[in-house]
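In: Prediction below, plus the sequence it came from.
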Amino acid sequence: MTLDFMEIQEGKQKFIEAWGRLAGSWSIPPAMAQMHALLMISPEPLTADQIKEALEFSTGNVSMNLRALMEWGLVYRETRPSERKDVFVAERDMWKVARQIIINRKKRELEPMLQILDELACVQEKCPHSEHFCNVIQDIRKSSHKANQTLDSLTKAEPNWIHGLFLRMMP
């Protein structure tokens, strides 16, 4: 296999586009992921205007996605006394990025479903249809609670433990 070399700008653009496409798998809007990618590969913190210019996004899009990235714990705002504008820095530790994505997806997707399943566990079994319904709900509920516990353990684990686990799983 021969590797073709590419210019740095082309490489950066490819990375930003790929990170944006992958974002759909993580329930993150592509524009939000592209901003995160840009900030990860930028050697220096960037202002909102620099992000807007680099990605050709609207001011509103940049503002909205920076706010979301900060809520997710993937981007941090820094205020520098010598500058009048805030600058933004991405979390670059991939374990922390994965952890924050898990925490946020769990909060937005799994926890609301668990709440509904817990409420449905109160359905009375009075006929064959309700018995089937209750059995299915209980099975889903048990699996969902196990998944929730596993994700809680994973997000509380030390990165070294996770790395060791993955290394042991590899042949």
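Out: Done, it's in. Remember, predicted model here, so these are calculated numbers, not experimental data.

In: Quick check: phi and psi on Lys156?
Out: In terms of degrees, to the nearest 10, the main-chain angles of Lys156 are phi -90, psi -10.

In: Run through the residues that contact Glu78.
Out: Pro45, Asp86, Val87, Phe88, Val89 (C-beta atoms under 8 Å, 6 or more residues apart in numbering). (C-beta placed from N, C-alpha, C; glycine too.)

In: The chain: helices as residue ranges?
Out: Per DSSP state H, the chain carries helices over the ranges 8-22, 30-41, 48-55, 59-72, 94-105, 111-120, 128-156, 159-169.

In: just so I know, which of the ones you listed lies nearest Pro81?
Out: Pro81 sits nearest to helix 48-55 of all the helices of the chain, at 18.4 Å, using C-beta to C-beta.

In: Name the residues of the closest one that are buried.
Out: Ala48, Gln50, Ile51, Lys52, Ala54, Leu55 (16 or more other C-beta atoms under 10 Å).

In: Can you pull the domain assignment for the protein?
Out: 8-90, 94-169 (automatic domain parsing).

In: Serialize the helices of the chain to JSON lines and add fields for distance to Ser82.
Out: Converted to JSON lines, these look like this (distance: least, C-beta to C-beta, whole Å):
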{"stretch": "helix 8-22", "distance to Ser82": "27"}
{"stretch": "helix 30-41", "distance to Ser82": "20"}
{"stretch": "helix 48-55", "distance to Ser82": "17"}
{"stretch": "helix 59-72", "distance to Ser82": "21"}
{"stretch": "helix 94-105", "distance to Ser82": "28"}
{"stretch": "helix 111-120", "distance to Ser82": "42"}
{"stretch": "helix 128-156", "distance to Ser82": "37"}
{"stretch": "helix 159-169", "distance to Ser82": "34"}
